[in-house]
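Asker: Have a look; sequence and predicted model below, questions after that.
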Amino acid sequence: MPLKINVSEKSGKTYHLELENESLMEKEIRGKINGSEISPELHDYEFEIMGASDKAGFPLVENVDGIRLKRVLLEYGKGMKKRSKREGKRKRSNFTPKGLRLRKTVRGKVISPDTIQINLKVLKKGNKELSEIFPEQNKAKEEKKIEAVPATQ
């Protein structure tokens, strides 16, 4: 099963690619990897694994060791975004009950065959820009901008 990889730059631009080989297996979250492990075009780059999720949508959390699923008591943040049942469906702006913790299922910090999606951050840039390596992803964005501008006459 291919891994979906999201590579983000400091500017906020994200590039998507799919990886068939299993070179990232057994790596941990917050670990540094060389770009040549992903693609030969990225040999000058260095990345940091920021996060991942498995086939059921459970996030990989760096507090849990191994590759197994575990139910962990979480505060607001990674893996927990919902409100308490007592609060109901009422709309509140930026309201998070103080001290609320819920038990949520998460996966360990090691990338396994169950992992589907990995998020990477660029630590060291290479000779070529990512926009030159992935030109087809830039074209799609530019075409949408051109279509969005209405013709005036």
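Answerer: Ah, there it is.
Asker: C-alpha from now on. contacts and neighbour counts both.
Answerer: OK.
Asker: what's across from the residue nearest the centre of the chain in the sheet?
Answerer: Residue closest to the average C-alpha location in the chain (CA atoms, centre = their mean): Asn119, at 3.0 Å. For Asn119, the beta-bridge partners are Asn6, Gly51 (DSSP bridges).
Asker: can you pull the contacts of it?
Answerer: 5-8, 49-52 (CA atoms under 8 Å, 6 or more residues apart in numbering).
Asker: Just the buried residues from those, in PyMOL please.
Answerer: To isolate the buried ones among the contacts of Asn119 in PyMOL, judged by 16 or more other CA atoms under 10 Å, type:
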select buried, resi 5+6+7+8+49+50+51+52
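Asker: Spatially, what comes nearest to Met80 if we skip its sequence neighbours?
Answerer: Closest residue to Met80 apart from its sequence neighbours, by CA to CA, 6 or more residues apart in numbering: Leu74 at 6.8 Å.
Asker: I'd guessed the one you found sits against Val64; true?
Answerer: No: using CA atoms under 8 Å, Leu74 is not in contact with Val64, being 11.8 Å away.
Asker: And the strands in the chain, which stretches?
Answerer: Along the chain, counting by DSSP state E, strands occupy 3-8, 14-19, 32-34, 46-54, 69-74, 102-107, 115-124.
Asker: Out of the ones you listed, which is closest to Glu132?
Answerer: strand 14-19 (11.3 Å; CA to CA).
Asker: So what angle separates the directions of that closest one and strand 3-8?
Answerer: Angle, strand 14-19 to strand 3-8, by axes from the mean of the first three to the mean of the last three CA atoms, to 10 degrees: 160 degrees.
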